[in-house]
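Q: Structural data only, the sequence is not supplied:
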């Protein structure tokens, strides 16, 4: 399949993550590979490395969009490594490159990607439940998946939000 | 004062905002002008326009960083209008240009700027209380100001977070 | 005049420049200020500092778009200093923010801005004649001004290229 | 080989190109594939499509960094297609992602990429001779390859400029 006809799914999550989070990320990476989707991550450690490893081990394609300018900063599991030199602005590029976003775990960086995706109508599904209430008392609702398989199903089948 | 010696404060908030939110934004803009700070906004309507108007009316400098490529899209209250053509990625530029961020009201776009600022160690103060709990149950705490004056005080005096 | 109704002119040129080049840049900055235009530069030394100084000394507005993340890296003559953290990609932002570009002197960085401006239909005028011939033998023509005054006239009156 | 250990070579050139230029681009793409390098292009037509087709037909990996936000705008020969939404600023991303740049044919867009690469010390080799003289009379020298094979040899073996 040509690159423009494939499905691209970003996995976003912290660079320092728990074992449970990394296990979920690896499972998501593996499932994306098995179903022919391209994984996009920020290319560093924690959930990013785990997702890339799960994807690569299953023969899939894992794209890394690095914040810095040095390709060597990437984890060793990504198939395609692109330094952007944009710093944290590369979070926005990850969201733009994705047809859907799977968010694992929680940190300000992860939340910036979730929020930007929601702002730009890229579908987001979370492994683990966020609770976000705005100053006006509005609950900013996020979809929650019960398992990596459910998250991947959603990411591969949703037609937008 | 030369431009590199001034204090730059971003006001982030939704383009469609309530009267109360716009009144707070205008007050923040006015106070920033009176205290010699440079206001940075996204240059569109709602809280952005209100902050710029408050700032300009008090003789201050309001910089607009537009998402699109057309200068004419800016609100008419900004002193300096810079089209970036970056789309929502310009949110990251606003945060980078700021020494501190004052967030008013709530939306995904606003939250993306808050989160990016926290991720990159730019101090943030909110007018109105967010509640953000991550999947691990951690409360992602945000400072809350009781008034525009308190928000401006914080933004002009904090030395980082 | 509100910021969206003003004319924005970028002065692009090397950070290490000859006295003659800096004198031209300072004159361009002064003339832009006198005619009410906003100067946009890359915020560093050489022609950028000279143009900003000429502009500021004449009471004008000089905007600096820095490549790095530190406001303190700017020359002391800019009225508004915005760190972008984009590295050399900020050259593209300068071009986007400008209604016209005046190029002084020559370097690869300057040529990248000239070429990007021509590619995106932003009018360019050069103080000093480039000669650029493509592999197919085509002369990539650039307008040349005979003096800073002529360059500023062009930049303030051209309606596009 | 993991993605961070591969060699990334950008092929830059016009979207509307002659048959001879496209034939050279296709040959470069093929040779890069055969030697295990990753091709990076702007993802549109002309030389970009030809290089991607040559690469893909030989079993290689062709990455497309699109200026717009729509993946469907890519040529059908790229293996990985990433919309950036940065407009012409994506030219800078292409240069950042590359260990070396091969330039084919001539246009302002191509020259912007050549100049930016030279500015940021990414090695450039041209198929076809440019002549660039700056206002000070300095010849801005560019390496010229006599054939696609020579260009690829250089791009895969140079250690910087």
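A: It's in. None of the values given here were measured: they were computed from a predicted structure.
Q: who in chain A is up against chain B?
A: A:18, A:87-89, A:91-93, A:96, A:105-109, A:111-112, A:115-116, A:118-120, A:126-136, A:138, A:140 (C-beta under 8 Å from any C-beta of the partner chain). All C-beta spots, glycine's among them, are computed from the backbone N, C-alpha and C.
Q: Tell me the secondary structure at residue A:81.
A: What DSSP: H, G, I helix; E, B strand; the rest coil gives for residue A:81 is strand.
Q: That one and residue A:44: what is the separation?
A: Going from residue A:81 to residue A:44 by C-beta to C-beta, to the nearest Å gives 11 Å.
Q: residues shared between the contacts of these two?
A: A:66, A:74 (C-beta atoms under 8 Å, 6 or more residues apart in numbering or on different chains).
Q: more neighbours, those two?
A: residue A:81 (27 against 20; other C-beta atoms under 10 Å in any protein chain shown).
Q: List the beta-bridge partners for the more buried one.
A: residue A:64 (DSSP bridges).
Q: Kindly state the pLDDT recorded for it?
A: On the pLDDT scale, residue A:81 is placed at 98.
Q: swap in residue A:3?
A: Predicted confidence (pLDDT) for residue A:3: 89.
Q: Spatially nearest residue to it (excluding sequence neighbours)?
A: residue D:81 (4.0 Å; C-beta to C-beta, 6 or more residues apart in numbering or on different chains).
Q: need the helices for chain A, in chain order.
A: For chain A, the helices defined by DSSP state H cover A:19-34, A:47-57, A:90-97, A:108-119, A:148-157.
Q: Out of the ones you listed, flag the one nearest chain D.
A: helix A:90-97 (4.4 Å; C-beta to the nearest C-beta).
Q: quick one: low-confidence parts of chain A?
A: A:1, A:160-161 (pLDDT under 70).
Q: redo that, cut-off 90
A: Applying pLDDT under 90 to chain A flags the ranges A:1-4, A:105-106, A:136, A:159-161.
Q: and the residue of it positioned farthest from its centre, what does it touch?
A: Ranked by distance from the centre of chain A (C-alpha atoms, centre = their mean), the top residue is residue A:136, with 29.1 Å. Neighbouring residues of residue A:136 by C-beta under 8 Å, 6+ apart: B:18, B:105-106, B:128.
Q: Mind doing that once more with 7 Å?
A: B:105-106 (C-beta atoms under 7 Å, 6 or more residues apart in numbering or on different chains).
Q: Got phi/psi on it?
A: Dihedral pair for residue A:136: phi -80, psi 0, per degrees, to the nearest 10.
Q: Give me the spatial nearest neighbour of residue A:11, chain neighbours excluded.
A: residue A:51 (4.1 Å).
Q: circling back to that earlier point, residues in contact with the residue nearest to residue A:3?
A: Residue D:81 touches A:3-4, D:43, D:64, D:66, D:71, D:74, counting by C-beta under 7 Å, 6+ apart.
Q: ditto for residue A:50
A: A:22, A:25-26.
Q: 10 Å - rerun?
A: Residue A:50 is in contact with A:11, A:13, A:17, A:19, A:21-29, A:41, A:75, A:77, A:104, counting by C-beta atoms under 10 Å, 6 or more residues apart in numbering or on different chains.
Q: Next: residue A:87.
A: Here residue A:87 is in contact with A:67-69, B:92, B:96, B:120, C:69, C:84-87 (C-beta under 10 Å, 6+ apart).
Q: Quick one, which of those residues are buried?
A: A:67-68, B:92, B:96, B:120, C:84-87 (16 or more other C-beta atoms under 10 Å in any protein chain shown).
Q: Tell me if I'm right that residue A:6 and residue A:98 touch.
A: No - Residue A:6 lies out of contact with residue A:98 (C-beta atoms under 10 Å); the separation is 11.8 Å.
Q: was I right about the residue nearest to residue A:11 contacting residue A:39?
A: Yes - the pair residue A:51 / residue A:39 is scored as a contact, 6.0 Å apart, by C-beta under 10 Å.
Q: got the residues of chain A near chain C?
A: Residues of chain A that fall close to chain C, judged by C-beta under 10 Å from any C-beta of the partner chain: A:69, A:84-89.
Q: Just give me the closest of these to chain D.
A: residue A:85 (5.0 Å).
Q: so who does the nearest residue to that closest one once chain neighbours are set aside touch?
A: Nearest residue to residue A:85, sequence neighbours excluded (C-beta to C-beta, 6+ apart): residue A:69, at 4.3 Å. Residue A:69 makes contacts with A:83-87, C:87, D:96-97, D:120, as judged by C-beta under 10 Å, 6+ apart.
Q: and which of the residues you listed is nearest residue D:153?
A: The shortest gap between residue D:153 and any of the contacts of residue A:69 belongs to residue D:97, at 20.8 Å (C-beta to C-beta).
Q: Now do that closest one against chain A, distance only.
A: Going from residue D:97 to chain A by C-beta to the nearest C-beta, to the nearest Å gives 4 Å.
Q: quick one, what contacts that residue?
A: A:65-66, A:69, A:71, A:80-85, D:8-10, D:38, D:40, D:63, D:65, D:82, D:122.
Q: Now which of these would you call buried?
A: Using 16+ other C-beta under 10 Å, the buried members of the contacts of residue D:97 are A:65-66, A:71, A:80-85, D:8-10, D:38, D:40, D:63, D:65, D:82, D:122.
Q: Residue A:125 contacts residue A:149, correct?
A: No - contact criterion C-beta under 10 Å: residue A:125 and residue A:149 do not qualify, at 11.7 Å.
Q: the more surrounded of the two?
A: More crowded of residue A:125 and residue A:149, by other C-beta under 10 Å: residue A:125, with 22 against 12.
Q: The more buried one pairs with what?
A: residue A:102, residue A:143.
Q: roughly how far apart are it and chain C?
A: Using C-beta to the nearest C-beta, residue A:125 is found at 30 Å from chain C.
Q: Could you give me the buried positions within stretch A:73-81?
A: Neighbour-count burial for stretch A:73-81, counted by 16+ other C-beta under 10 Å, picks out A:73-75, A:77-81.
Q: so which of these comes closest to chain B?
A: Nearest member of those to chain B, counting by C-beta to the nearest C-beta, is residue A:73, at 17.4 Å.
Q: for the contacts of residue D:81, which one is nearest residue C:159?
A: The closest of the contacts of residue D:81, once distances to residue C:159 are taken by C-beta to C-beta, is residue D:66, at 30.1 Å.
Q: re earlier: include distance to residue C:159 when you put the contacts of residue A:69 into CSV, please.
A: CSV is the format used below for these (distance: C-beta to C-beta, whole Å):
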residue, distance to residue C:159
A:83, 40
A:84, 36
A:85, 35
A:86, 34
A:87, 37
C:87, 32
D:96, 34
D:97, 36
D:120, 33
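Q: any idea which of these is closest to residue B:154?
A: residue A:87 (24.8 Å).
Q: how near is the closest one to residue B:120?
A: Distance from residue A:87 to residue B:120, by C-beta to C-beta: 8 Å.
Q: what's the overlap in contacts for the two?
A: B:92, B:96, C:69, C:85.
Q: hmm, back to that, for residue A:6 and residue A:98, indicate the residue with more neighbours.
A: Between residue A:6 and residue A:98, counted using other C-beta under 10 Å, residue A:98 has the larger neighbour count: 27 against 17.
Q: gap between the residue lying closest to that one once chain neighbours are set aside and residue A:97?
A: The shortest distance from residue A:98 to any non-neighbouring residue, by C-beta to C-beta, 6+ apart, is to residue A:10 (3.7 Å). According to C-beta to C-beta, residue A:10 and residue A:97 sit 7 Å apart.
Q: All set, thanks.
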